[in-house]
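S.K.: Below are the sequence and a predicted model; questions follow.
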Number of protein chains: 2
Amino acid sequence: MLRRYFPLLDWLPHYHRRLLGADLLAGAIVTVMVIPQSLAYSLLAGLPAIVGLYASLLPQLLYTLLGTSRTLAVGPVAIIALMTGAALSAVAEPGSARYLDAALILSLLSGLMLVAMGFLRMGFFSNFLSHPVISGFLTAAGLLIAVSQLGNLMGIESSGYTLVTRLASLWPELPHLNLPTLAIGLGTLAFLVFLRRRGRSALITLGTPLAAADLLVKAGPVLAVVVTTWLTWQLQLIDHGVAVVGHVPSGLPAFSFPWQEASLWRALLVPAALISLVGFVESVSMGQMLAAKRRQRIAPNQELVALGGANLAAGLTSGMPVSGGLSRTVINHDAGAQTPAAGAFAVLGIGIVTLALTDWLYFLPIATLAATITVAILTLVDMPTLRRTWRYSRSDFAAMAATILLTLLEGIEIGIIGGVTLSIALFLYRTSRPHSALVGRLPGSEHFRNMQRHEVETLDHVAFLRIDESLYFANARYLEDTLYNLVARRPELEEVVLICSAVNLIDASALESLEAINARLKDANVTLHLSEIKGPVMDRLKRSDFLDALTGRVFLSTYAAWREFSSAESR
Amino acid sequence: MLRRYFPLLDWLPHYHRRLLGADLLAGAIVTVMVIPQSLAYSLLAGLPAIVGLYASLLPQLLYTLLGTSRTLAVGPVAIIALMTGAALSAVAEPGSARYLDAALILSLLSGLMLVAMGFLRMGFFSNFLSHPVISGFLTAAGLLIAVSQLGNLMGIESSGYTLVTRLASLWPELPHLNLPTLAIGLGTLAFLVFLRRRGRSALITLGTPLAAADLLVKAGPVLAVVVTTWLTWQLQLIDHGVAVVGHVPSGLPAFSFPWQEASLWRALLVPAALISLVGFVESVSMGQMLAAKRRQRIAPNQELVALGGANLAAGLTSGMPVSGGLSRTVINHDAGAQTPAAGAFAVLGIGIVTLALTDWLYFLPIATLAATITVAILTLVDMPTLRRTWRYSRSDFAAMAATILLTLLEGIEIGIIGGVTLSIALFLYRTSRPHSALVGRLPGSEHFRNMQRHEVETLDHVAFLRIDESLYFANARYLEDTLYNLVARRPELEEVVLICSAVNLIDASALESLEAINARLKDANVTLHLSEIKGPVMDRLKRSDFLDALTGRVFLSTYAAWREFSSAESR
């Protein structure tokens, strides 16, 4: 029991020196790598840079304590930062004290919701985000984030959380773009893209050992940060209008609890729910993927509790909503982290920086951070899936396209809600007009197949109708229409066998329809039979009066019905 | 084409004298019967009595022109009147000019929506109202209407559109109840209940011919109206505080179009949508039932157009939202109406009353109308279905109970929206955790059944897993878990056959899960096979790369797979 809620009891007792070495190295690498990222994501959320560092401390520690993934790294992530920025700027002025309070409230609310969902074992909720909706959402959010960084790359102001508002705010400022900033931004961008595309092979060609080449490629953003910071300092680029991170207060975050702002709590309920859901889905799918690689398992409901704890910690320590981050997790995993202790060591490292070394960040140009975000985020934009989905299923594609368009044009919340609603509606629509087939016997076998697809034997006075869907309220009337049309079309019919091999459920509405069908076929002198009813469906039918009223019989197999009627017909 | 939109072209050319006689008689009977009802329902909606008469004129004519049911009678109905009252009193003060305008706007909006849905062929929308939700809604609405009439029966004021607000408004007024009113109310109530329960057999015992007895029972409300009106006049009961219909302006309705009130149009959008939906469902299910009795058919999408036309007519002629009414239709049907012409004759009759005879209604007591509503409406309260549904399906019962409680406590709109949402959510939840079964071969046959329910043969290294649900986003992860657990539990497994006889759909999310399962089983040296894939599902799979990546084979039948593996195993 204790183990279920504190998974660290699984690994801590077996901890030994070899693991310690690996985890310490991973922790050190993560420290260096995620600092620029954390600063960048807090700026993306419209918050002071230091908030990103705060949010990388206690939340990660809580996750170390409670999480079931061995390598997931928790902290500020791009999508959640974008959602945070959109939610906060709807309720407060960026830069105001209320905006900071709102960030804490958003983290706390999201933490409470996640913990509650975990205790209520509601991890299955995330299943309602279909893959096309998630993929479409990530693509659109990636584009939105990239566009949101255009202003920073050029040294001009921009705002807004939809494609249109962002571009509209950018356009009139274009003449005021700052050339040194643009140079830093584009330079970093070009460097990072080159490193990502060609870096590894170039380094290997130059004789760098394989492992070192991998590490250097990953360290690209850190290198860019160091170089551009040094340049900005040396060339006094601040005097030429280059925006920098500036003064970051050193010291650890203060505990705070903004309980007074009742209206903010209410206003942030829906954004907090969406942030929780998206953060959970992103985090769990990554955790599962990595766990699978090492044949470990993660427990979704405990992950909810752990992420909830992390967000509560963020809310209490001047942070921002957090989640399992794609890039920081991959860095941690690839750096060889063996246990969650690696995360704790990274916290130690980032803590030291936050305590003592924030002055070193003074000259770090915002444009550099913007370039690192842009390069990282564009991996989310996934066009091949769009094409593949179009080929496979028009309705999945419709859900995906709607999610992308709504997210880009109407914002993140509408995008994700619209996508989920549409995918559910399309599923319901499909099941409301179920496929059905008149089947016949494959000659010489006990198998029955669609008359229109196979050469099969049929009987004149008997129709074998297979319904390929559970029968429930949305298709109950459709079933009636199908059967009435069948009987109207074939006046010679005497028996109808409804093959229920694909019927996994008959709800109360469908039961009433079956009763109506039975009565109406009886009036038309047609007998209704059923075959191949599943066990659970049969159990349920026995609790109603339908089987007593049924004019015909219930056959275990369609073949049994065939035998019965074919011998009767040949007589 | 013309016939599709003007179904009267089907019957008018063949109209002859015998039909005319029957229709004229039915029209006359309907005229007399529905006048009290129409007055009562307009009062229920908080509107002047005359509005109910107006709404029985042009709307019925439009339906005669456009409707596909031969006997449906259109006009004010109880549920729609209640919904109208709730919607109007939320946006305007009862008795004000704005309230009257709102009634017209509600009718027009509802008419526009119905016509639009008809042209877009969206009749299937009504399928999402499951039987338990409809039945629960009717029960709760019936109770609400009965409670709403308590005040009128006792001669005191009451208001509100939930159980609590209505009773709360009634309670403090109880001491002021008016005894003569109560006497009229209870007397009429007792008379009508007696007539309904015992009247027919009593009359027959007294020697009344069968047909006349039937007619007299149906004429009960008219008799009550005549007698109580006469009593009120003779005994000058108005002076003793008995509320009466009073002065009803004679003459036909004026055409009007309240286009100025933009805020009202917006505020009434949701109520209008719900009124359209409920009215359509009530009307169509009744139409279908009656059509079935005479082996006729109705066209749901044309019914939408016809009902829409009726509501537009109501909105343009000082009326209120209308629908196919249960009691007026039954009266029309039982009175022997043969074609929609009967409806037109009733319009003529009611028109004459409206033009010339409204003075006769002056002394009609409101309490009499309240009693007729109460008796008519309590037939909607359907407790047996509640019990039957509980026995058959807990989740259908949950949807039904939620609809009843929400309607009673939170009002009609919340009730119906909540019920629909819950029934959809429960369906999705059920399909998100599909039933699956490990199956084995029924000895000596080609059939496979659940290992836990039947004595079957199995193979050691092969698992046959039947999934009893379509595979889609909500259960894609559940499928993964099921398979991973299966493989983890049985380390000797070499082959897994996924039996897809009940899989009617594999969406893009489930396809990705199948790809993941295939890859992960491959890592564990387990081969994945599929069997009994349906035609449409197979067609779709061929459009993806999955079949190329599949480690195993696709078997036409499970038996084919069994033959393959059992011979391999015996070798």
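M.R.: Happy to help now that I have it. Everything numeric in this text was worked out from a predicted model, so none of it was measured.
S.K.: how many other residues sit next to residue A:160?
M.R.: 18 (other Cβ atoms under 10 Å in any protein chain shown). The C-beta positions use only the backbone N, C-alpha and C, and glycine is treated the same way.
S.K.: do the same with residue A:172
M.R.: With other Cβ under 10 Å as criterion, residue A:172 counts 9.
S.K.: you'd agree it is in a helix?
M.R.: Yes - assessed by DSSP: H, G, I helix; E, B strand; the rest coil, residue A:172 belongs to a helix.
S.K.: Name all residues that make contact with it.
M.R.: Applying Cβ atoms under 8 Å, 6 or more residues apart in numbering or on different chains to residue A:172 gives no contacts.
S.K.: if I look at it, how far off is chain B?
M.R.: As judged by Cβ to the nearest Cβ, to the nearest Å, residue A:172 and chain B stand 34 Å apart.
S.K.: In which helix or strand does the residue nearest to residue A:107 when sequence neighbours are not counted reside?
M.R.: Spatial nearest neighbour of residue A:107, chain neighbours left out: residue A:315 (3.4 Å); criterion: Cβ to Cβ, 6 or more residues apart in numbering or on different chains. Using DSSP states H and E, residue A:315 sits within helix A:300-316.
S.K.: Can you name every helix or strand that that helix contacts?
M.R.: helix A:2-5, helix A:58-66, helix A:97-119, helix A:269-293 (3 or more Cβ pairs under 8 Å, 6 or more residues apart in numbering or on different chains; DSSP states H and E).
S.K.: how about the helices of the stretch 401-550 of chain A, start to end?
M.R.: Using DSSP state H, counting those that start in this stretch, the helices found in the stretch 401-550 of chain A span residues A:412-432, A:473-489, A:508-523, A:535-541, A:546-549.
S.K.: Of all those helices, which one comes closest to residue B:436?
M.R.: Relative to residue B:436, the nearest member of the helices of the stretch 401-550 of chain A by Cβ to Cβ is helix A:535-541, separated by 11.0 Å.
S.K.: how about that closest one: buried residues?
M.R.: Across helix A:535-541, burial judged by 16 or more other Cβ atoms under 10 Å in any protein chain shown covers A:536-537, A:540-541.
S.K.: Next up, phi/psi of residue A:254, please.
M.R.: Per-residue torsions, residue A:254: phi -90, psi 150 (degrees, to the nearest 10).
S.K.: tell me the secondary structure for the nearest residue to it once chain neighbours are set aside?
M.R.: Closest residue to residue A:254 apart from its sequence neighbours, by Cβ to Cβ, 6+ apart: residue A:318 at 6.3 Å. Put simply, residue A:318 is coil when judged by three-state DSSP.
S.K.: Touching, residue A:318 and residue A:253? I think so.
M.R.: Yes - at 4.0 Å, residue A:318 counts as touching residue A:253 under the criterion of Cβ atoms under 8 Å.
S.K.: what is in contact with the two at once?
M.R.: In contact with both residue A:318 and residue A:253: residue A:54, using Cβ under 8 Å, 6+ apart.
S.K.: more crowded one of those two?
M.R.: residue A:318 (23 against 19).
S.K.: In space, what's closest to the residue of the stretch 351-500 of chain A found nearest chain B - neighbours in sequence excluded?
M.R.: Distances between the stretch 351-500 of chain A and chain B by Cβ to the nearest Cβ are smallest at residue A:473, namely 3.2 Å. Nearest residue to residue A:473 in three dimensions, chain neighbours excluded: residue B:130, at 3.2 Å (Cβ to Cβ, 6+ apart).
S.K.: and the stretch 451-571 of chain A, which residues reach chain B?
M.R.: The stretch 451-571 of chain A has residues A:453, A:468-470, A:472-478, A:501-505, A:507-509, A:511-512, A:520, A:534-536, A:540, A:543-544, A:557 near chain B, with proximity defined as Cβ under 8 Å from any Cβ of the partner chain.
S.K.: can you tell if stretch A:429-441 touches chain B?
M.R.: Yes - contact of stretch A:429-441 with chain B (Cβ under 8 Å from any Cβ) involves A:430-435, A:437.
S.K.: Give me the neighbour count for residue A:565.
M.R.: The burial count for residue A:565: 19, using other Cβ under 10 Å.
S.K.: quick one: contacts for it?
M.R.: Contacts for residue A:565 were tallied using Cβ under 8 Å, 6+ apart; they are A:459, A:461-462, A:495.
S.K.: Residue A:321 too?
M.R.: Contacts of residue A:321 by Cβ under 8 Å, 6+ apart are A:55, A:80, A:83-84, A:103, A:106-107, A:110, A:272, A:275, A:279, A:311, A:314.
S.K.: just residue A:504 next, same as before
M.R.: If a contact means Cβ under 8 Å, 6+ apart, then residue A:504 has A:470, A:534, A:536-537, B:431, B:434-435, B:468-469, B:502 as its contacts.
S.K.: Who wins on neighbours among these?
M.R.: residue A:470 (27 neighbours).
S.K.: I'd like the distance between the nearest residue to that residue once chain neighbours are set aside and residue A:325.
M.R.: Of all residues not flanking residue A:470 in the chain, residue A:505 sits nearest, at 4.0 Å (Cβ to Cβ, 6+ apart). Using Cβ to Cβ, to the nearest Å, we find residue A:505 at a distance of 40 Å from residue A:325.
S.K.: And those two? Which one has more around it.
M.R.: Taking neighbours as other Cβ under 10 Å, residue A:505 and residue A:325 compare with residue A:325 leading, 29 against 22.
S.K.: out of everything not next to it in sequence, what's closest to that one?
M.R.: Nearest one to residue A:325, counting by Cβ to Cβ, 6+ apart, is residue A:77 at 4.0 Å.
S.K.: could you redo the residues of stretch A:429-441 next to chain B as a markdown table and give each row pLDDT?
M.R.: Shown next, in a markdown table, are these (pLDDT from 0 to 100):
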| residue | pLDDT |
| --- | --- |
| A:430 | 85 |
| A:431 | 86 |
| A:432 | 86 |
| A:433 | 85 |
| A:434 | 86 |
| A:435 | 85 |
| A:437 | 90 |
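S.K.: Mind picking the two most distant members of those residues?
M.R.: Taking Cβ to Cβ, no two of those sit farther apart than A:432 and A:437, at 17.5 Å.
S.K.: For residue A:514, grab the count of nearby residues.
M.R.: Applying other Cβ under 10 Å, we find 24 residues neighbouring residue A:514.
S.K.: Could you check how far the residue in the stretch 101-250 of chain A positioned nearest to chain B is from residue A:402?
M.R.: Residue of the stretch 101-250 of chain A nearest chain B, by Cβ to the nearest Cβ: residue A:130 (3.2 Å). Per Cβ to Cβ, residue A:130 is found 12 Å from residue A:402.
S.K.: neighbour-wise, which of these two wins?
M.R.: Set residue A:130 next to residue A:402 and count neighbours by other Cβ under 10 Å: residue A:130 wins out with 29 against 20.
S.K.: just to revisit the earlier point, list buried residues within the contacts of residue A:565.
M.R.: When those are checked for burial by 16+ other Cβ under 10 Å, the buried set is A:459, A:462, A:495.
S.K.: and the gap between residue A:196 and residue A:92?
M.R.: Distance of residue A:196 to residue A:92, computed by Cβ to Cβ: 36 Å.
S.K.: ok, the two, which is more surrounded?
M.R.: Set residue A:196 next to residue A:92 and count neighbours by other Cβ under 10 Å: residue A:92 wins out with 20 against 16.
S.K.: Among the contacts of residue A:321, give me the pair with the biggest separation.
M.R.: Between any two of the contacts of residue A:321, the greatest separation by Cβ to Cβ is 15.5 Å, found for A:55 and A:272.
S.K.: Between those two, point out the one with more neighbours.
M.R.: Counted by other Cβ under 10 Å, residue A:55 and residue A:272 do not tie: residue A:55 has more neighbours, with 35 against 26.
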